[in-house]
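Student: Fold the stuff below for me.
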Amino acid sequence: MKTHDDLKRDLVRIYRAAIAAVDPALLTGRALEGRLPESDAVRIAMAQARRILVLAIGKASRAMAEEIRRRAGERIAEGILVVPPSSPPASPLRGFRQFAGGHPLPNQSSIEAAHAALEVAAKAGPGDLLLVALSGGASAMFAAPAGEVTLEDKIAVTSALLRSGASIRELNCVRKHLSAVKGGRLAAALGPRARLVSLIISDVPGDDIATIGSGPTAPDPTTFADAIAVLKRRRIWGRAPERVRDHLERGVAGEIPETPGGDDPSLARVCNLIVGGNRTALDAAAEEARRMNLIVERGRELTGEADQLGREFAARIAELRGSPTCLIAGGEPVVTVRGGGRGGRAQHCALSIAMEFANAAPGSSAGVLVAGTDGIDGPTDAAGAFAFADSAARMRAKGVDPETASRRNDAYNAFDAIGDLFRPGPTGTNVADLIIALSDC
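Tutor: You can find the predicted model right below:
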């Protein structure tokens, strides 16, 4: 029978295989070489371009920009690099202006980056190629409040939506309609007879290009009315800043143009290509688990409240008896924040699993890792946490009541008390979250 340390080692091995498969430089290189489905258009556009302008935004932006720089070299006339504020210090990338955009909430640098990008897009001319490298986190790191809306207004609305348990689609629907750059508006700013190619690493379940990074280069199927409906459904509308309500109402009244839709002529010169995502990571995790002689099962997509997902997966793991099995799943759960504790959605989901294990009685050799692929879960230094059959009992032995911790949204301190937080550090990529479970190993 394996110890907790043995199980942790195996879980981390599978996690690292998943992360390696979504290495941003690897995915970007494959696209630029035309080695991904439908990526021949990228290779041809690069070869035909008079000048190449580059915009890299998101948690994977540095590695994506470096790979583009390595391949395009001096053909890059101008570049903008928008990195997360937590990025380790790095030497400047030649030919790129760098901004540290805020995350999960935008900051002044997010605004400066967006305005710089709009200027670059507008001055792209005939024969030019604007190459956009987009990855998770871009919605906050790249922000240009529309109309009279201020940065403080956007922060207030985003914070309220994050605490309400809103899905990423709901959150980004609102973001797009308060922005001068999201929801296809960056692409609409493209200069005449220039082309735009967007290489996208997806952190969104289903790889919806209109939602990833709030779709700055994608047609937007949502409307101002949809954004208002989200705020009302999440009980935020009445306390949203007046400028936000006024802007959205003016949009519904037709006083402000809608975000570009699928038939908008400004998007006719745009190509959006998914180069990798959560499914890429899951496939690599499954392959690694099979190398370890494990039976692999794929769970359902991680959508909905982390509490409920945790209970469902704990019950399924408890059923996996008889053969060494690895259950994997990916996606993006949500947490409705009701307490003032510390944690993130992956840690909260892991705590729900640990609590359910106390009831479902899995085998003592069961172990689970729930973690963000970016290495960061919420405003903490952990990517997630490990859950075992005895986790809840060990928490109580340390004076921590797991039920109270869950109600207070304090999963971080509960797992920290028993030494089961997972702290790999920032990975430089982002394709949402993973659950990796081992049973009878």
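Student: Where is the longest helix in this protein?
Tutor: If you go by DSSP state H, the chain has its longest helix at helix 4-21.
Student: Can you point out the buried residues in it?
Tutor: Judged by neighbour count (16 or more other Cβ atoms under 10 Å), helix 4-21 contains these buried residues: 4, 7-8, 10-12, 14-15, 17-19, 21. (Glycine included, C-beta is placed from N, CA and C.)
Student: quick one: which of these is nearest residue 398?
Tutor: Among the buried residues of helix 4-21, residue 4 lies closest to residue 398 (Cβ to Cβ), at 14.9 Å.
Student: Return stretch 423-436 as CSV; C-alpha atoms alone will do.
Tutor: Backbone C-alpha positions of stretch 423-436 (Å, rounded to 0.1, in the frame of the first residue of the first chain) are rendered in CSV as follows:
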residue,chain,number,x,y,z
ARG,A,423,3.1,24.8,-4.3
PRO,A,424,4.8,24.3,-7.7
GLY,A,425,5.1,28.1,-8.4
PRO,A,426,3.9,29.8,-11.5
THR,A,427,4.1,27.4,-14.5
GLY,A,428,4.1,30.1,-17.3
THR,A,429,1.0,28.6,-18.9
ASN,A,430,-2.8,28.4,-18.1
VAL,A,431,-5.4,26.0,-19.4
ALA,A,432,-7.8,26.1,-16.4
ASP,A,433,-7.8,23.4,-13.6
LEU,A,434,-7.1,19.7,-13.2
ILE,A,435,-8.4,17.0,-10.9
ILE,A,436,-6.1,13.9,-10.8
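Student: tell me how far it is from the chain's mean position?
Tutor: Distance of stretch 423-436 from its chain centroid, counting by Cα atoms, centre = their mean, to the nearest Å, is 10 Å.
Student: With stretch 326-338 instead?
Tutor: Stretch 326-338 has its average C-alpha position 12 Å from the chain's average C-alpha position, going by Cα atoms, centre = their mean.
Student: Per the annotation, how does this protein divide into domains?
Tutor: Split into domains by automatic domain parsing, the chain comes to 4-15+279-439, 23-144+179-222+259-276.
Student: Ends of the longest one, what's the gap?
Tutor: Looking at domain 23-144+179-222+259-276, the gap from its leading to its trailing residue is 9 Å under the measure Cα to Cα, to the nearest Å.
Student: now that domain: mean pLDDT?
Tutor: For domain 23-144+179-222+259-276, the mean pLDDT works out to 93.
Student: just the strands in the protein please.
Tutor: 52-57, 76-83, 96-100, 129-134, 195-201, 270-276, 295-298, 325-331, 367-372, 384-388, 421-422, 433-439 (DSSP state E).
Student: residues in contact with the closest residue to residue 214 other than its chain neighbours?
Tutor: Setting aside the residues directly before and after it, residue 214 is nearest to residue 182 in space (Cβ to Cβ, 6 or more residues apart in numbering), at 3.8 Å. Under the criterion of Cβ atoms under 8 Å, 6 or more residues apart in numbering, the contact partners of residue 182 comprise 139, 142, 172, 175-176, 213-216, 259.
Student: separation between residue 182 and residue 267?
Tutor: Look at residue 182 and residue 267: by Cβ to Cβ, to the nearest Å, they are 14 Å apart.
Student: which residues touch residue 307?
Tutor: Residue 307 makes contacts with 335, 348-349, 352, 406, as judged by Cβ under 8 Å, 6+ apart.
Student: a markdown table please, covering these and showing distance to residue 430 and neighbour count.
Tutor: A markdown table is the format used below for the contacts of residue 307 (distance: Cβ to Cβ, whole Å; neighbours: other Cβ atoms under 10 Å):
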| residue | distance to residue 430 | neighbour count |
| --- | --- | --- |
| 335 | 18 | 22 |
| 348 | 19 | 32 |
| 349 | 17 | 33 |
| 352 | 23 | 26 |
| 406 | 26 | 23 |
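Student: Just give me the closest of those to residue 189.
Tutor: Minimum distance to residue 189 across the contacts of residue 307 is 35.2 Å, recorded for residue 335 (Cβ to Cβ).
Student: pretty sure that closest one contacts residue 345?
Tutor: Yes. With the criterion set as Cβ atoms under 8 Å, residue 335 and residue 345 qualify as a contacting pair; they are 4.9 Å apart.
Student: nearest to residue 294, of the contacts of residue 307?
Tutor: When the contacts of residue 307 are compared for distance to residue 294, the smallest value, 21.7 Å, is given by residue 349; criterion: Cβ to Cβ.
Student: quick one, what contacts the closest one?
Tutor: Taking Cβ under 8 Å, 6+ apart as the definition of contact, the neighbours of residue 349 are 302, 306-307, 309-310, 313, 333, 370, 433, 435.
Student: and if we set it to 10 Å?
Tutor: For residue 349, the contacting residues are 302, 305-311, 313-314, 333, 335, 343, 368, 370-371, 377, 384-385, 387, 411, 433, 435, taking Cβ atoms under 10 Å, 6 or more residues apart in numbering as the criterion.
Student: Quick one, which of those are buried?
Tutor: The neighbour-count test (16+ other Cβ under 10 Å) marks 302, 305-307, 309-311, 313-314, 333, 335, 343, 368, 370-371, 377, 384-385, 387, 411, 433, 435 as buried among these.
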